[in-house]
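Asks: model the structure of this input:
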Amino acid sequence: MNVKTKTLSVRVKDKHAALLRQMAYEVNQIFNLANEITSKAYSNAGEFGAQVPKWLTAYDVQKQTAGLRKEKGYLIDSASIQEVIAVHGKARKQFKRAKLRWRISGGSKRSLGWIPFKVGFAKWQNGQVKFAGKLFKVWDSYGLSAYKFRAGSFSEDSRGRWYFNVAVDYTAQPTEGVSAVGIDLGLKDIATTSDGEKLAAGRFYRDLESSLGKAQRANKKRRVKAIYAKIKNRRKDALHKFSTAIVNANAAIFVGDVSTSKLIKTKMAKSVLDAGWSMLKTQLEYKAIARSAVFQVVNESYSTQACSCCGALSPNSPKGRAGLRIRVWTCSECGTLHDRDVNASKNILAAGHRRLAVEIPAL
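Replies: Next up is the predicted model:
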């Protein structure tokens with residue numbers, strides 16, 4: 001049995017927003033208290049000080065804050081208080097800092113709401129999520145009653161909408177695909193496969209750029225946030241549909257190692273960021289892992305210029321930025337007519353096969 005873990009995210013109905021904001025305010029207070037305790041201990045100041053700077057662990061802070069829920073009359077449970085302190089401790093350890101940024105509860109720089117919970121402290125009951133003795137109605141698009149909840153959180157987005165995010169176990173079914181595919185990432189088409197399938201550029205940002213500019217000039221902050229969210233959701237939806245179809249149909253997936261970080265320094269920056277290459281590669285990778293498929297990013301050097309039939313570097317093949325205008329070309333060696341991106345994806349597929357041949361030990 002191939003049991004894996006994934007995170008489900010569903011939107012909480014707006015009528016619970018006020019209650020969740022109050023809980024998030026309590027989380028901020030706890031996080032900031034933990035920040036104060038650890039920073040004072042390390043800086044050797046006040047009642048928390050010592051003779052030498054002391055690095056407090058999350059457990060140390062949890063002991064000092066025992067009974068805080070009852071003392072303050074918090075809505076969130078003690079387990080969530082401990083989890084906030086644990087997350088604070090992990091972040092301090094990761095960034096090697098005794099003091100982190102304060103969580104802000106009001107004003108223009110307000111921290112987005114976040115309420116963590118441990119395993120067993122959020123449950124599905126009568127078609128609702130039960131947490132801290134309260135029931136929350138959600139837009140259940142996953143059939144949550146079929147899952148046993150693990151740890152998770154409630155989180156707020158930039159528009160003030162709340163989401164219930166929870167890790168669950170599930171049995172992964174291996175992909176039914178038996179073939180392999182190479183994928184070339186580009187701008188005219190976001191992705192082109194070695195089978196000739198293309199994901200056309202969605203112009204997710206550019207189609208709304210004019211509306212976004214008007215909202216920004218009018219200082220309509222809510223409208224700006226709504227447009228950014230729409231851009232993000234449209235991009236994510238298109239990439240999810242494409243990546244799911246690819247993983248369902250193939251047992252091995254190879255993607256070219258095109259560099260987003262280099263291209264965003266050029267005049268193509270908007271188009272590069274709008275394409276969402278990193279998001280697509282991330283989706284392909286975790287979906288391939290879940291379905292027991294092979295996923296690898298391979299060196300795509302000369303994949304556009306080399307003929308996928310004979311391997312020759314034809315003098316009339318697309319080269320450099322000037323070659324971006326060339327969409328179709330004919331190999332001067334073997335006479336094969338190539339679609340620029342399909343040819344590149346076929347070369348990427350061949351590179352993937354070569355890598356697998358090297359990595360698989362002889363029997």
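
Asks: so what does the helix ranked longest in the chain touch, helix or strand wise?
Replies: The single longest helix within the chain, with elements called by DSSP state H, is helix 221-249. Where contact means 3 or more Cβ pairs under 8 Å, 6 or more residues apart in numbering; DSSP states H and E, helix 221-249 is packed against strand 179-185, strand 189-193, strand 198-200, helix 209-217, helix 277-290. The way it works is simple: take the backbone N, C-alpha and C, and place the C-beta from them, glycine included.

Asks: same list (these) but as JSON lines, adding distance to residue 16 and mean neighbour count.
Replies: What follows is the helices and strands packed on helix 221-249, written out as JSON lines (distance: least, Cβ to Cβ, whole Å; neighbours: other Cβ atoms under 10 Å):
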{"stretch": "strand 179-185", "distance to residue 16": "40", "mean neighbour count": "23"}
{"stretch": "strand 189-193", "distance to residue 16": "37", "mean neighbour count": "23"}
{"stretch": "strand 198-200", "distance to residue 16": "37", "mean neighbour count": "17"}
{"stretch": "helix 209-217", "distance to residue 16": "28", "mean neighbour count": "13"}
{"stretch": "helix 277-290", "distance to residue 16": "29", "mean neighbour count": "18"}
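
Asks: what's the local residue count around residue 53?
Replies: 12 (other Cβ atoms under 10 Å).

Asks: which one is it nearest to, not counting chain neighbours?
Replies: residue 42 (4.7 Å; Cβ to Cβ, 6 or more residues apart in numbering).

Asks: list the buried residues of the one helix or strand that neighbour maps to.
Replies: Element membership for residue 42, per DSSP states H and E: helix 17-43. Within helix 17-43, the residues that count as buried by 16 or more other Cβ atoms under 10 Å are 20-21, 23-24, 26-35, 37-42.

Asks: and the next helix or strand past it?
Replies: Next along the chain after helix 17-43, with elements defined by DSSP H and E, is helix 58-64.

Asks: and the helix or strand following that next one, C-alpha only, in CSV?
Replies: As assigned by DSSP H and E, the chain's next helix or strand after helix 58-64 is helix 68-72. Output of helix 68-72 as CSV, limited to C-alpha atoms (Å, rounded to 0.1, in the frame of the first residue of the first chain):
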residue,chain,number,x,y,z
LEU,A,68,-1.6,31.3,29.7
ARG,A,69,-4.9,30.2,28.1
LYS,A,70,-6.7,30.2,31.4
GLU,A,71,-5.0,33.4,32.5
LYS,A,72,-5.9,35.4,29.4
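
Asks: off-centre distance for helix 68-72?
Replies: Its chain's C-alpha centre and that of helix 68-72 lie 35 Å apart, by Cα atoms, centre = their mean, to the nearest Å.

Asks: what about the chain, any weak spots by pLDDT?
Replies: 1, 44-52, 320-323, 360-363 (pLDDT under 70).

Asks: domains of it: list them as residue ranges, please.
Replies: For the chain, automatic domain parsing gives the domain ranges 3-171, 175-363.

Asks: just checking, residue 25 touches residue 104?
Replies: No - counting by Cβ atoms under 8 Å, residue 25 sits too far from residue 104 to count as a contact (10.6 Å).

Asks: distance between the ends of stretch 71-79?
Replies: 15 Å (Cα to Cα, to the nearest Å).

Asks: just stretch 169-179 next, same as before
Replies: Using Cα to Cα, the end-to-end distance of stretch 169-179 comes to 28 Å.

Asks: just to revisit the earlier point, next, format the helices and strands packed on helix 221-249 as a markdown table and append distance to residue 248.
Replies: Formatted as a markdown table, these follow (distance: least, Cβ to Cβ, whole Å):
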| stretch | distance to residue 248 |
| --- | --- |
| strand 179-185 | 11 |
| strand 189-193 | 13 |
| strand 198-200 | 15 |
| helix 209-217 | 33 |
| helix 277-290 | 9 |
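
Asks: of all these, which one is nearest residue 315?
Replies: strand 179-185 (21.4 Å; Cβ to Cβ).

Asks: the closest one packs against which elements?
Replies: By 3+ Cβ pairs under 8 Å, 6+ apart, strand 179-185 packs against strand 189-193, helix 221-249, strand 250-256, helix 277-290, helix 340-359.

Asks: angle of that strand against helix 277-290?
Replies: 160 degrees (axes from the mean of the first three to the mean of the last three Cα atoms, to 10 degrees).

Asks: other residues contacting strand 179-185?
Replies: Strand 179-185 has contacts (Cβ atoms under 8 Å, 6 or more residues apart in numbering) with 191-195, 246, 249-256, 258, 275, 277, 280-281, 284, 294, 300, 303-304, 341-342, 344-353.

Asks: adjacent strands (with direction) for that strand?
Replies: Strand pairing for strand 179-185, determined by DSSP bridges: strand 189-193 (antiparallel), strand 250-256 (parallel).

Asks: and these: which comes nearest residue 56?
Replies: Of all those, it is strand 250-256 that lies closest to residue 56, at 44.1 Å by Cβ to Cβ.

Asks: using PDB, list the CA coordinates for the closest one.
Replies: These are the backbone C-alpha positions of strand 250-256, laid out as PDB (Å, rounded to 0.1, in the frame of the first residue of the first chain):
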ATOM      1  CA  ASN A 250       3.300   9.300 -18.600                       C
ATOM      2  CA  ALA A 251       5.600   7.200 -16.500                       C
ATOM      3  CA  ALA A 252       8.600   9.400 -17.000                       C
ATOM      4  CA  ILE A 253       8.700  13.200 -17.400                       C
ATOM      5  CA  PHE A 254      11.800  15.300 -18.300                       C
ATOM      6  CA  VAL A 255      11.800  19.100 -18.200                       C
ATOM      7  CA  GLY A 256      14.500  21.500 -19.500                       C
END
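
Asks: cool, thanks, talk later.
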